[in-house]
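Asks: What shape does this take:
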Amino acid sequence: MKKGSNDIRDVVYIHLNEKERFVLSYGIEFREFYRVLAETLSSVLLLKHQFEDGEFNIHTQFEYVPNTKLAKLSKEDVYGYGDFVWVDFDETEILDILEGQTIAELLYLGHKLEPLRKPFFQQLNNQYAYLAHDDGWFNKIYYKNMDSFYQLFGDVIAKKVTDLKLEKGLLGLKKKRIYPSPPSEIVMELKHYMNEGMVLSIEKASQTRLKMEIPIWILGDFDNMDDMYEEYEKNSKQKTDALLIFDKKLREWHLTKA
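Replies: Next up, the predicted model:
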């Protein structure tokens with residue numbers, strides 16, 4: 001059964017295809033993408049959306065969101081849009097001279113949620129192609145520079161843990177602990193699992209006064225997230241493939257492989 005947008009924040013599925021430069025994911029939403037990578041975005045060309053405050057470009061017949069309105073877009077319920085598809089671009093003026101072939105490929109991208117060929121367009125100089133159905137439920141994002149994804153992943157995990165884990169302090173009062181992002185070496189160690197399709201479950205994290213352990217299971221390659229979640233629920237009753245561990249005293253992340 002499909003979970004609502006508020007229910008998917010504490011389970012993250014990643015299937016990485018580094019060769020094709022895309023990531024299939026469940027559990028990471030546009031608002032999180034924007035929070036981490038906002039500085040890498042100039043403007044966004046909307047291919048599938050329900051945003052009501054975009055600008056209209058007559059030549060392409062597409063709506064777009066200039067940089068000044070991106071923060072507003074990030075606060076929208078884009079999960080409720082259904083399909084949410086965009087590519088970023090550098091200069092608004094370029095839209096007026098965009099070639100017909102590029103417009104045709106963009107139309108295909110928005111209609112089919114898959115590219116005819118690599119979705120990086122010379123005229124647009126885009127860094128991303130963002131293809132989502134029920135944002136946060138099924139996301140397929142192409143990255144011109146994969147380091148952007150690795151940064152996103154580390155920062156998102158840290159923020160999710162910070163938001164979801166309240167600990168009892170003195171007198172039984174709950175206190176929030178701020179968790180740092182896992183260092184790049186740990187994220188790189190996780191690439192092997194990401195290549196195979198991994199799920200990282202914050203909802204099933206266990207913790208003591210000294211450490212927190214986040215379980216990781218390898219699930220395989222899924223593009224149907226109902227099937228993925230069903231597999232996750234089965235695997236979560238079994239031994240983990242790895243543990244992402246935070247040492248609270250040293251304030252350091254470690255990865256322990258099974």
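
Asks: measure Asp227 to Gly220 for me?
Replies: According to CB to CB, to the nearest Å, Asp227 and Gly220 sit 10 Å apart. Where C-beta positions appear, they are placed from N, C-alpha and C, glycine not excepted.

Asks: Let me see the domain layout of the protein.
Replies: What automatic domain parsing lists as the domains of the chain is 29-135, 160-257.

Asks: And these: which comes nearest Lys19?
Replies: Closest to Lys19 of those is domain 160-257 (CB to CB; 9.8 Å).

Asks: Distance across the closest one, terminal residue to terminal residue?
Replies: End-to-end distance of domain 160-257 (CA to CA, to the nearest Å): 22 Å.

Asks: Tell me which of the domains of the chain sits nearest to Glu18.
Replies: Of the domains of the chain, nearest to Glu18 by CB to CB is domain 160-257, at 7.2 Å.

Asks: What count of nearby residues applies to Glu32?
Replies: For Glu32, the neighbour count with other CB atoms under 10 Å is 18.

Asks: Quick one: mean pLDDT for the helix or strand harbouring it?
Replies: Glu32 belongs to helix 30-37 when assigned by DSSP states H and E. Helix 30-37 carries an average pLDDT of 97.

Asks: Would you quantify the distance from the closest residue to Gln151 other than its chain neighbours to Asp155?
Replies: Among residues not flanking Gln151 along the chain, Val36 sits closest, at 6.4 Å (CB to CB, 6 or more residues apart in numbering). As judged by CB to CB, Val36 and Asp155 stand 5 Å apart.

Asks: what residues are shared contacts of those two?
Replies: By CB atoms under 8 Å, 6 or more residues apart in numbering, Val36 and Asp155 have no common neighbours.

Asks: Buried ones in stretch 184-203, by neighbour count?
Replies: 186-187, 189-190, 193-195, 197-202 (16 or more other CB atoms under 10 Å).

Asks: quick one: contacts for Arg54?
Replies: Not quite, residue 54 is Gly, not Arg. Shown in contact with Gly54 (CB under 8 Å, 6+ apart): Leu46, Glu63, Tyr64, Val65, Lys69.

Asks: between those residues, which is closest to Asn139?
Replies: Of all those, Asn139 sits closest to Leu46, with 15.9 Å by CB to CB.

Asks: Could I get the phi/psi values of the closest one?
Replies: Dihedral pair for Leu46: phi -90, psi 120, per degrees, to the nearest 10.

Asks: and it, how many residues sit next to it?
Replies: Residues lying near Leu46 (other CB under 10 Å) number 19.

Asks: so it sits right up against Phe62, yeah?
Replies: Yes. If you go by CB atoms under 8 Å, Leu46 and Phe62 touch, sitting 6.4 Å apart.

Asks: Which helix or strand contains Arg243?
Replies: Wrong residue type there; residue 243 is Leu, not Arg. strand 242-247.

Asks: what pairs with whatever helix or strand comes next after that strand, and is each one parallel or antiparallel?
Replies: Going down the chain from strand 242-247, the next helix or strand is strand 252-257, by DSSP H and E. Strand 252-257 has the following strand partners under DSSP bridges: strand 242-247 (antiparallel).

Asks: need the buried residues of stretch 184-203 in JSON lines with secondary structure, distance to Ser236 and pLDDT, can you?
Replies: Below are the buried residues of stretch 184-203 laid out as JSON lines (DSSP: H, G, I helix; E, B strand; the rest coil; distance: CB to CB, whole Å; pLDDT from 0 to 100):
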{"residue": "Ile186", "secondary structure": "helix", "distance to Ser236": "22", "pLDDT": "96"}
{"residue": "Val187", "secondary structure": "helix", "distance to Ser236": "22", "pLDDT": "96"}
{"residue": "Glu189", "secondary structure": "helix", "distance to Ser236": "22", "pLDDT": "96"}
{"residue": "Leu190", "secondary structure": "helix", "distance to Ser236": "18", "pLDDT": "97"}
{"residue": "Tyr193", "secondary structure": "helix", "distance to Ser236": "15", "pLDDT": "97"}
{"residue": "Met194", "secondary structure": "helix", "distance to Ser236": "18", "pLDDT": "98"}
{"residue": "Asn195", "secondary structure": "helix", "distance to Ser236": "21", "pLDDT": "97"}
{"residue": "Gly197", "secondary structure": "coil", "distance to Ser236": "15", "pLDDT": "98"}
{"residue": "Met198", "secondary structure": "strand", "distance to Ser236": "13", "pLDDT": "98"}
{"residue": "Val199", "secondary structure": "strand", "distance to Ser236": "8", "pLDDT": "98"}
{"residue": "Leu200", "secondary structure": "strand", "distance to Ser236": "11", "pLDDT": "97"}
{"residue": "Ser201", "secondary structure": "strand", "distance to Ser236": "6", "pLDDT": "96"}
{"residue": "Ile202", "secondary structure": "coil", "distance to Ser236": "12", "pLDDT": "93"}
